[in-house]
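Undergrad: curious how this folds, go ahead:
(one chain, ligands or ions: 1)
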Amino acid sequence: MRLKPFYRKTWAEIDLTALKDNVRHMKQHIGEDVHLMAVVKANAYGHGDAQVAKAALAEGASILAVAFLDEAISLRGQGIKAPILVLGAVPPEYAHIAAEYRITVTAYSVGWVKEALGFLSDDETALDIHLKIDTGMGRIGCRTEEEIKEIMELAKASGKINCRGVFTHFATADEKETDYFRMQLERFKKLIKSLPLDRLMVHSSNSAAGLRFKEQLFNAVRFGIGMYGLSPSPEIKDELPFPLQEVFSLQTELAHVKKIEKGESVSYGATYTAEHDQWIGTVPVGYADGWMRKLAGSEVLIDGKRQKIAGRICMDQFMIALDQEYPVGTKVTLIGKQKDESISVDEIAERLQTINYEITCMISSRVPRMFLENERIIGVRNPILPNDKE
Ligand SMILES: *Cc1c(COP(=O)(O)O)cnc(C)c1O
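TA: Next up, the predicted model:
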């Protein structure tokens, strides 16, 4: 593993032991003969794609999934040799690039297949595809039996495209109400009936479906958010078959501590004014790191206690109203545990009126990722430094 240093006192800790536990439990849950596809798109939901991929593969994942071809090629560049499926739309003119890197792509319309064929030559490696069926998500995918048949025939006749899988995606698998989910499942079953299913990887489940239901497992599950220890939605938390362990935490340190007098103000706009003499701490993290301005007034952990952000969050720093004096260098936890107190990804999501998926994704690449296994640092990834220190 490439060990890159970092020279700032803000970092995300990625607990690969927790991640491995989540993957192992999921693998036990779905069973030996169902493939676990580890979804590592968006830099593994902000966690670090290659490190997460390796950890998941070590615990029984047999294939990886990303959203874009670039992400797949980046994984190849980081030494990942396992099968990779690109779930999103790859422009057909790059079909030969995918083939060259042995990356499986999603075929989602007759037009896509016809165009892609024009960019694949007979003497190059054939392109592997999974056929995407739109059963109600309305995003990408074929919607009729005719389209599916035509794609299968085009692929077979060309000799340049091999269909290795077929899949769909649920729009409501994380909701209590299951009618729409069942409608999609029935559509999928009907549309794939005439395909040679024993020779294909057949998958429909994301984390929510894979954790809650068994009848739609087919022979593979796409496991994303659950792998990172987060519930697909608050409303199905009580249905999870095993406890998930959060993988992501966000740490910084007090860079400056000072006393301000009653009536003095802090940060842009001078919106925060001290009501009494008080200690103010400054941390080196801001909205350019993904700690959004909307989080002004929310809390962080210091010495196991909640403390409030004072004033506006700046691009690279923010201030905290401290309950007492703390030395410079004191650890400040933005997401994670300290003693008996914790701030979860879900808490930040609720505060921002969004979903937990968005929170780990929004922590920008300026924040180094530090990988831990059994509480020992086993790697660091800091893409903003040059790559010269191996
Ligand atoms: C992102 C994605 C997943 C993973 O979903 P989770 O809810 O994170 O498990 C699965 N399938 C497709 C098509 C996706 O785009």
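Undergrad: and the residue of the chain found nearest the ligand, how many neighbours?
TA: Across the chain, no residue is closer to the ligand than Gly224, which sits at 2.3 Å (CB to the nearest ligand atom). C-betas here are computed from N, CA, C, even on glycine. Other residues lying near Gly224 total 23 when counted by other CB atoms under 10 Å.
Undergrad: now do the contacts for it.
TA: Counting by CB atoms under 8 Å, 6 or more residues apart in numbering, Gly224 makes contact with 39, 41, 45, 65, 206-207.
Undergrad: ok, now Glu246?
TA: 15, 18, 228-230, 336, 344-345 are the contacts of Glu246 under CB under 8 Å, 6+ apart.
Undergrad: what is the nearest of these to Ile73?
TA: Proximity of these to Ile73 (CB to CB) peaks at Tyr228, which lies at 22.9 Å.
Undergrad: leaving out chain neighbours, which residue sits closest to the closest one?
TA: Excluding the flanking residues, the one nearest Tyr228 by CB to CB, 6 or more residues apart in numbering is Val247, at 4.9 Å.
Undergrad: kindly report the same for Ser74.
TA: Nearest to Ser74 is Asp49, by CB to CB, 6+ apart, at 7.0 Å.
Undergrad: does that neighbour touch Asn43 like I think?
TA: Yes - contact criterion CB atoms under 8 Å: Asp49 and Asn43 qualify, at 5.0 Å.
Undergrad: shared neighbours of these two, which are they?
TA: Glu71.
Undergrad: what about these two, which has more around it?
TA: Each of Asp49 and Asn43 has its neighbours counted (other CB under 10 Å); Asp49 has more, 24 against 21.
Undergrad: tell me who's in contact with the residue nearest to the spatial centre of the chain.
TA: The chain has Tyr45 as the residue nearest its centroid, 2.0 Å off, counting by CA atoms, centre = their mean. Shown in contact with Tyr45 (CB under 8 Å, 6+ apart): 224-225, 228, 357, 360-361.
Undergrad: how about the residues of the protein near the ligand?
TA: Selection of the chain residues close to the ligand by CB under 6 Å from any ligand atom yields 39, 41, 87, 169, 206-208, 222-226, 232.
Undergrad: so which of these sit within strands?
TA: 39, 222-223 (DSSP state E).
Undergrad: what ranges do the helices span in the stretch 201-350 of the chain?
TA: 207-212, 345-351 (DSSP state H, counting those that start in this stretch).
Undergrad: with respect to burial, which of those helices scores highest?
TA: Sort these by mean neighbour count, taking mean count of other CB atoms under 10 Å, and helix 207-212 sits at the top with a mean of 25.
Undergrad: now what about that one, what contacts it?
TA: 26, 29-30, 170, 173-174, 181, 216-217, 221-227, 232-233, 236, 239-241.
Undergrad: which among those count as buried?
TA: 26, 29-30, 170, 173-174, 181, 216-217, 221-227, 232-233, 236, 240 (16 or more other CB atoms under 10 Å).
Undergrad: hmm, back to that, now the contacts of Glu246 in TSV, with pLDDT?
TA: Converted to TSV, the contacts of Glu246 look like this (pLDDT from 0 to 100):
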residue	pLDDT
Asp15	98
Ala18	98
Tyr228	98
Gly229	98
Leu230	98
Gly336	98
Ser344	98
Val345	98
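Undergrad: nearest to Ser74, of those?
TA: The closest of those, once distances to Ser74 are taken by CB to CB, is Tyr228, at 18.9 Å.
Undergrad: now for the closest one: which residues touch it?
TA: 19, 22, 44-45, 47, 246-248, 360.
Undergrad: which strands and helices lie in contact with the host helix or strand of Tyr180?
TA: Assessed by DSSP states H and E, Tyr180 sits inside helix 179-192. Where contact means 3 or more CB pairs under 8 Å, 6 or more residues apart in numbering; DSSP states H and E, helix 179-192 is packed against helix 145-158, strand 201-205.
Undergrad: got a list of contacts for that helix?
TA: 133, 135-137, 144-145, 148, 166, 168, 170-173, 175, 202, 204, 209, 213, 215-216.
Undergrad: domains in the protein, by residue range?
TA: By the assignment in automatic domain parsing, the chain contains the domains 17-230, 248-343.
Undergrad: Trp11 is nearest to which of those?
TA: Per CB to CB, nearest to Trp11 of those: domain 248-343, 5.8 Å.
Undergrad: okay, how far is it across the closest one, tip to tip?
TA: This stretch, domain 248-343, spans 11 Å end to end (CA to CA, to the nearest Å).
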